[in-house]
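Novice: below are the sequence and a predicted model for it; my questions follow.
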Amino acid sequence: MQNPVIYADYPDPDLIRVNDRYYMITTTMHMFPGGDLLTSRDLVHWELCCHVFTELEGTPAQQLNQGHIYGKGMWAATLRYHRGVFHILFVANDTGKTYHYTATVPEGPWEYHPVEGFYHDASLLFDDDGKVYLAYGNREIRIREMEPDLSRPKKGGLDRIALVDEGNVMLGFEGCHFYKLHGKYYLFLIHWPKDGHARRTEACYAAPSIDGVFEGGDILDDDMGFFNQGVAQGGIVDTPDGKWYAMLFQDHGACGRMPVLVPMYWENDFPVFPSAPPLLEGFPSASDDPLKPLVSSDALRGESLADWWQWNHLPDMSRVQCTPDGLVLHTGLPALTLEDATNTLTQRTTGPKCSFQVNIDVSGLKRGQRAGLCALQGQYATCAIERDEEDGFSLVFEQRTAEGFAPDYTLTSSEAIPLPSPRVSLRAEFDFTDMKDQVCFFLKAGGKWRQIGRPHQLRYRLDHFMGVRIGLFCYAAVESDTGEALFTDFVYQG
């Protein structure tokens, strides 16, 4: 088995073990339903347990109505199991609120509880004496005692600065994971020093009491030989036979941030991470039980969508139909670009290579409307079919690019390619090998595949803060009557 254990965008992992089952929560940002909770029997083979929420606030920006929440939404969550109850807590950076969900079984239903205050990258600790704490922050790490129901800070309770990252850093301490073990309190953190290798680094500090002095330092500075992309930030867990592991993440370019399993052990009650191994030894090559796929093909001919699909922002389900003939997407509010288009349906891409194809019937489109297949991120590309001025159909390949790190994008479009029929097949082939990060689009019309345009360069940027996704879209570029597109036979190969 190889690291990353999931070659796809599952960042900011936190995990627990309940009996012989492991559970892991990861960040889903502007995707809905969100809060992907995964489960595993062996820490290597994972499947989706549930989405914790279908929506958050339903704000106009979350619905892509006169605004958006790209790069915001749900950020790093904490996952705990206490006295028969599962707890998940996280912040949403668009609403400025903290969200607390509970369930008695991991599959849900999950119940929402409001929390007073905003706690960046918080980690939840239920102490032995019944007190409840959150550790959180960026550069300055605070510990705050909460009411037992987590509804608000406890009046007169502990509120202290536990650590301040005073080093020469690009990113100060954050990504808290807070534990009480061996009678001590531990803060596991990520930061990004400017010195040394200048990459993401995992640190740990321990204190003998909740109000004691936290002492420690960096415990893992490793990139597994992968382009100086440091492995850091995540939770730790023990196995039933007493072994310990950390689930951290590593940046993998445009494909996203991926979970990496790191063996660890304790020496004098302090964690030791020997390295982040590219190869995992001692794990089974396949799970005994069949796993629900995290990314998969779909005929799109059912009464509902499969769990592995997620919408870019909150969808308008009145404009979505799941029928025996296929998935019908209706146009909604006019959109200037793909980023503005509601009801774009997505799945994660996977590395090192993957491809997706779909059949599309756009005979229901009106002029000024388009539908197709896209590689969704800030630097996106689309293969769009539209009804043209002569009332025929044509295909346009659109690319959005930018120089350097800042997302100052330029949008370019190919010349329209006339189509003999409104029914075509589209394919996208992704290559993430050694951060090549390219996608090529193909059109099948008249029985033969042909490449459309040149390979498009993908880039991971903080405007979306997410690995590139494959997407199905249908939107109107101008005010018009409602149109529609029919999607069938979505095929994934990884």
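Specialist: Looks like it arrived, so ask away. Residues are numbered from 1 along each chain as shown.
Novice: dump the residue contacts of Asp298.
Specialist: 305-306, 308-309, 490 (CB atoms under 8 Å, 6 or more residues apart in numbering). Every residue, glycine included, has its C-beta placed from N, CA and C.
Novice: kindly recompute the last result at 6 Å.
Specialist: Taking CB atoms under 6 Å, 6 or more residues apart in numbering, we find Asp298 in contact with 306, 490.
Novice: measure it to Ala416 for me?
Specialist: Going from Asp298 to Ala416 by CB to CB, to the nearest Å gives 29 Å.
Novice: now do Cys383
Specialist: Cys383 is 12 Å from Ala416, by CB to CB.
Novice: same check, this time on Gln357
Specialist: When distance is defined by CB to CB, Gln357 is 22 Å away from Ala416.
Novice: of these two, who's got more company?
Specialist: Gln357 (20 against 16; other CB atoms under 10 Å).
Novice: what's across from the nearest residue to the more buried one once chain neighbours are set aside in the sheet?
Specialist: Spatial nearest neighbour of Gln357, excluding adjacent residues (CB to CB, 6 or more residues apart in numbering): Arg427 at 3.8 Å. On the basis of DSSP bridges, Arg427 is bridged to Gln357, Phe442.
Novice: for Arg427, give me the pLDDT.
Specialist: With respect to pLDDT, Arg427 scores 98.
Novice: pLDDT on stretch 337-350, on average?
Specialist: 97.
Novice: give me the distance between the nearest residue to Gly84 once chain neighbours are set aside and Leu248.
Specialist: Nearest residue to Gly84, sequence neighbours excluded (CB to CB, 6+ apart): Thr104, at 6.4 Å. According to CB to CB, Thr104 and Leu248 sit 29 Å apart.
Novice: so between these two, which is more surrounded?
Specialist: Taking neighbours as other CB under 10 Å, Thr104 and Leu248 compare with Leu248 leading, 32 against 11.
Novice: which stretches of the protein have low pLDDT?
Specialist: Counting by pLDDT under 70, the chain contains low-confidence ranges at 284-288.
Novice: quick one, helices of the stretch 301-450 of the chain?
Specialist: Using DSSP state H, counting those that start in this stretch, the stretch 301-450 of the chain contains no helices.
Novice: hey, which strand is longest across this structure?
Specialist: strand 169-181 (DSSP state E).
Novice: would you mark the buried spots in the helix or strand in which His87 is found?
Specialist: For His87, the host element (DSSP states H and E) is strand 85-92. For strand 85-92, the neighbour count (16 or more other CB atoms under 10 Å) marks 86-92 as buried.
Novice: and which of the residues you listed is nearest to His51?
Specialist: Distance ranking of the buried residues of strand 85-92 against His51, using CB to CB, places Ile88 first at 11.3 Å.
Novice: ok, the closest one touching His100?
Specialist: No: contact between Ile88 and His100 fails when scored by CB atoms under 6 Å: they sit 7.5 Å apart.
Novice: bridging residues for Asp14?
Specialist: Ile25.
Novice: neighbours of it, just the number please.
Specialist: Neighbours of Asp14 under the rule other CB under 10 Å: 28.
Novice: and what of Trp266?
Specialist: A count of nearby residues for Trp266, using other CB under 10 Å, gives 11.
Novice: Pro114 now?
Specialist: Pro114 has 11 nearby residues by other CB under 10 Å.
Novice: ok, and for whichever strand or helix holds it, which residues are buried?
Specialist: For Pro114, the host element (DSSP H and E) is strand 111-115. Residues of strand 111-115 classed as buried: Val115 (neighbour count, 16+ other CB under 10 Å).
Novice: could you shift the numbering so residue one becomes 210, and keep it that way?
Specialist: Sounds good: first residue 210 from here, last item strand 320-324.
Novice: could you list the paired strands of the following helix or strand past it along with their orientation?
Specialist: Proceeding N to C from strand 320-324, the next assigned helix or strand is strand 332-335, under DSSP H and E. Strands that pair with strand 332-335, judged by DSSP bridges, come out as strand 341-345 (antiparallel).
Novice: measure stretch 266-284 end to end?
Specialist: Its start and end residues considered, stretch 266-284 measures 15 Å (CA to CA, to the nearest Å).
Novice: what residues does it touch?
Specialist: Under CB under 6 Å, 6+ apart, the answer for stretch 266-284 is 236-239, 243, 299-304, 522-523, 551, 672-674.
Novice: in that stretch, what counts as buried?
Specialist: For stretch 266-284, by 16+ other CB under 10 Å, it's 270-274, 277-284.
Novice: and of those, the nearest to Arg348?
Specialist: Trp284 (16.2 Å).
Novice: tell me how far the closest one lies from Lys389.
Specialist: Using CB to CB, which is the criterion applied here, Trp284 is 24 Å from Lys389.
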